[in-house]
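Trainee: show me the folded form of this:
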Amino acid sequence: MNRNRLIVGLLVAFVVALLASMFVYRQLQMAAATHPISMQEVVVADVALPIGTRLTASNIRAIPWPGNATIPGMLTRVEDGVDRAVITQVAPNEPILEAKLAPRSAGAGLPATIPEGMRAVSVAVNDVVGVAGFVTPGTSVDVLVTGQLPGANQNGNENITRTILENVRVLAAGQTIEQDRDGKPQTVPVVTLLVTPEDAARLTMASTEGKIQLALRNTIDDGTAAPDPVLQAVLFGGSAPPPPKTETAGRRVAPPKPIIVAPYTVEIIVGDKRETKSFPNQ
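Mentor: Have a look, this model is predicted:
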């Protein structure tokens, strides 16, 4: 008896669920018919596109896209992106946006990744200067230079180290303009940095007349520290600078005269007698 009741209950629940699902499905159909979604096309990457890649009809394609979900700067035709280079890495099926493309006349490769008004300058590095090979494309660095102060003696004890550039983006390491996927270090003879024309002149002077060192920084750290220069004499002196000399041109400078402070004066009154006493002011 209980088993029959259980079977009947399950059948009733199944019928109710079926009727509810049919009702929801018909409501969705009616809503879609009442408010149809207009579609358009958007251009996406067909394969992974490394930085500097020239777009062709074989590495991009157009796919349907909801018309009410447009993306600012998206391309709607494949021909609008052909023969233009990407200035950042693009993943497969990622929309191609105007902000990710270089002008059509900029060409491809490294030159296309240089924004207008900026310059790419290469500097020679080794394992130490290049932070053990971890200075790779896409990272950010500070540039330090060590040289001798103007007019200093040739004994080298008046060297100075100062930070001349901060938060500089690395465009390329050697001939590579994209970062290793595994983040592994790589040994390269040169590093190419993205700088302004003024900083390009400073970087060239530093690498020619002094010794440069790259300091790797976090890519999300875009602050400016402006550290003070470091003098070799102060760094290795081991003590504070000596006090100023008391002799000038062979003559002893007279010590400063002591300051004379007037004593305290107190008037003492006892009955009809008055008396004034003085105490030293120390």
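
Trainee: now for the closest residue in space to R104 that isn't next to it in sequence: which residues touch it?
Mentor: In this structure, R104 finds its nearest non-sequential neighbour in R84, 5.3 Å apart by CB to CB, 6 or more residues apart in numbering. No exception for glycine: its C-beta is placed from N, CA and C like everyone else's. Shown in contact with R84 (CB atoms under 8 Å, 6 or more residues apart in numbering): 54-55, 101-104, 106.

Trainee: next one: R54
Mentor: By CB under 8 Å, 6+ apart, the contact list for R54 reads 83-85, 108.

Trainee: quick check: longest strand of this structure.
Mentor: strand 159-173 (DSSP state E).

Trainee: give me the mean pLDDT for that strand.
Mentor: For strand 159-173, mean pLDDT is 89.

Trainee: give the pairing partners of the helix or strand following that strand; include direction for each.
Mentor: Next along the chain after strand 159-173, taking DSSP states H and E as the criterion, comes strand 190-195. Taking DSSP bridges as the criterion, strand 190-195 sits next to strand 119-124 (antiparallel), strand 159-173 (antiparallel) in its sheet.

Trainee: after strand 190-195 comes which helix or strand?
Mentor: helix 197-209.

Trainee: helices or strands up against that next one?
Mentor: strand 119-124, strand 140-148, strand 159-173 (3 or more CB pairs under 8 Å, 6 or more residues apart in numbering; DSSP states H and E).

Trainee: who's in contact with the shortest one?
Mentor: Read that as strand 119-124. 110-111, 114, 171-172, 189-197, 200, 203-204, 207, 212.

Trainee: could I get that strand in PDB with only the CA atoms?
Mentor: Provided in PDB are the C-alpha atoms of strand 119-124 (Å, rounded to 0.1, in the frame of the first residue of the first chain):
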ATOM      1  CA  ARG A 119      61.900  56.300 -28.600                       C
ATOM      2  CA  ALA A 120      63.400  52.800 -28.300                       C
ATOM      3  CA  VAL A 121      67.000  52.800 -27.000                       C
ATOM      4  CA  SER A 122      69.100  49.600 -26.600                       C
ATOM      5  CA  VAL A 123      71.800  49.300 -24.000                       C
ATOM      6  CA  ALA A 124      74.400  46.600 -23.500                       C
END
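
Trainee: would you put the C-alpha positions of the longest strand of the chain in PDB?
Mentor: Taking C-alpha atoms only, strand 159-173 is exported to PDB below (Å, rounded to 0.1, in the frame of the first residue of the first chain):
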ATOM      1  CA  ASN A 159      82.400  58.200  -7.600                       C
ATOM      2  CA  ILE A 160      78.600  58.700  -7.400                       C
ATOM      3  CA  THR A 161      75.600  56.500  -8.100                       C
ATOM      4  CA  ARG A 162      72.300  58.100  -9.000                       C
ATOM      5  CA  THR A 163      69.000  56.900 -10.400                       C
ATOM      6  CA  ILE A 164      68.400  58.700 -13.700                       C
ATOM      7  CA  LEU A 165      65.200  56.900 -15.000                       C
ATOM      8  CA  GLU A 166      62.300  55.300 -13.100                       C
ATOM      9  CA  ASN A 167      59.500  53.000 -14.300                       C
ATOM     10  CA  VAL A 168      60.900  52.400 -17.800                       C
ATOM     11  CA  ARG A 169      59.200  49.700 -19.800                       C
ATOM     12  CA  VAL A 170      61.300  47.000 -21.500                       C
ATOM     13  CA  LEU A 171      60.400  46.600 -25.100                       C
ATOM     14  CA  ALA A 172      62.800  43.800 -26.100                       C
ATOM     15  CA  ALA A 173      65.500  41.600 -24.800                       C
END
